[in-house]
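Asker: I would like the atomic coordinates for the input below:
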Amino acid sequence: MLLDRDINGGTWEITTRQTEADVDAGTSIYPDLLIDGESSDGDQFAFYCEHKWDSRCDAAQLKKYGKLAARKGQHARLVFASANYKDKCEAATCFPDGGCDCFLWEDVFLERAFKKVGLNSGMPSANVRRQG
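Answerer: Numbers count the residues shown, from 1 in each chain. Below is the predicted model:
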């Protein structure tokens, strides 16, 4: 749960490679994914998502995207997904205040979840541990 509460109903839009302004550098930046929406109780929410598979975590890039999320307000989050634990940890250290939710791809796309519905995620198999 990224917003510390459930979001039931509402509307949202998913945009890939959304052009955003980097006001500090006076240029454009392109987060991988933006989920922008409104909950059924009228609260706006947004998730800026950056995904790394073959490339490494870029701390400067994440900090720029973190500023975008901060400008969207209290119900906005930056989300980072990486293929390896080292990059996940590096991304988390960029935001000691917890301003970025960091995940491994295997946490997001579980191969067995895809298999249950007859699909292949295209990801290498990973050992997944269930907690709780």
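
Asker: pLDDT weak spots in this structure?
Answerer: Applying pLDDT under 70 to the chain flags residues 1-9, 109-132.

Asker: So in the chain, which helix runs the longest?
Answerer: helix 59-72 (DSSP state H).

Asker: Give the next helix or strand downstream of that helix.
Answerer: As assigned by DSSP states H and E, the chain's next helix or strand after helix 59-72 is strand 76-82.

Asker: contacts for that following strand?
Answerer: 2-3, 45-52, 57, 62, 65-66, 68-70, 88, 91, 95, 99-105, 107-108 (C-beta atoms under 8 Å, 6 or more residues apart in numbering). For glycine as for every other residue, the C-beta is placed from the backbone atoms N, C-alpha and C.

Asker: all helices of the protein, in order?
Answerer: 59-72, 85-93, 105-108, 111-116.

Asker: quick one: the residue nearest in space to the middle of the chain and residue 42, what's the gap?
Answerer: Centroid check for the chain by C-alpha atoms, centre = their mean gives residue 79 as the closest residue, at 2.4 Å. Going from residue 79 to residue 42 by C-beta to C-beta, to the nearest Å gives 23 Å.

Asker: Output the helices of the chain in JSON lines; the columns should cover mean neighbour count.
Answerer: Formatted as JSON lines, the helices of the chain follow (neighbours: other C-beta atoms under 10 Å):
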{"stretch": "helix 59-72", "mean neighbour count": "17"}
{"stretch": "helix 85-93", "mean neighbour count": "16"}
{"stretch": "helix 105-108", "mean neighbour count": "16"}
{"stretch": "helix 111-116", "mean neighbour count": "12"}
